[in-house]
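A.B. asks: Fold the following.
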Amino acid sequence: GLAPVGQAKNREVLAAGRAALELARAAGVRIGFGTDLMGVLEDEQLGGLRVQVEVEGVLRTLQAATSVNAELLGRPDLGRVRAGAVADLLVVDGDPFADPALLWAGSERRTVIQAGVPVGR
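C.D. replies: So this is what the prediction gives:
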């Protein structure tokens, strides 16, 4: 339902975002993951993972969203699964390296654990 001019703008922004990731990596910039989407668009944040996987691959994207973000925030207690760590945990039904869509597709194949409790199921 988006007007053609809006569709064109979205394609342009998406291409620029992909190029920015490639330029940042080439320049040696540490790349984390995050979006500025909120409100009704909050559910679209996972689409950013898809774009980052397309450019960076699954491993670098998972690192960006976890340990790299924790390092950039100066929080060694985040971004890792270990005793003393405080973070949410994503459990997927399958191998995200074989099927990266597990990271952004419907919630039926993933569970999020927050404060030790499954949410969103």
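A.B. asks: Using the three-state scheme, assign the residue most central in space within the chain.
C.D. replies: Among the residues of the chain, L49 comes closest to the average C-alpha position under C-alpha atoms, centre = their mean, at 3.6 Å. Secondary structure, DSSP: H, G, I helix; E, B strand; the rest coil: L49 is helix.
A.B. asks: just for the protein, where's the confidence low?
C.D. replies: 120-121 (pLDDT under 70).
A.B. asks: Show me what counts as buried in the helix or strand hosting R11.
C.D. replies: Following DSSP states H and E, one finds R11 within helix 4-26. Neighbour counts over helix 4-26 (16 or more other C-beta atoms under 10 Å) mark L21 as buried. (C-beta placed from N, C-alpha, C; glycine too.)
A.B. asks: Give me the helices and strands touching that helix, please.
C.D. replies: Where contact means 3 or more C-beta pairs under 8 Å, 6 or more residues apart in numbering; DSSP states H and E, helix 4-26 is packed against helix 46-56.
A.B. asks: Could you tell me the angle between the helix it packs on and helix 4-26?
C.D. replies: 50 degrees (axes from the mean of the first three to the mean of the last three C-alpha atoms, to 10 degrees).
A.B. asks: Show me what helix 46-56 is packed up against.
C.D. replies: Secondary-structure packing of helix 46-56 (3+ C-beta pairs under 8 Å, 6+ apart): helix 4-26, helix 58-63.
A.B. asks: Now distance to G94 too, for these, in CSV please.
C.D. replies: CSV is the format used below for the helices and strands packed on helix 46-56 (distance: least, C-beta to C-beta, whole Å):
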stretch, distance to G94
helix 4-26, 25
helix 58-63, 12
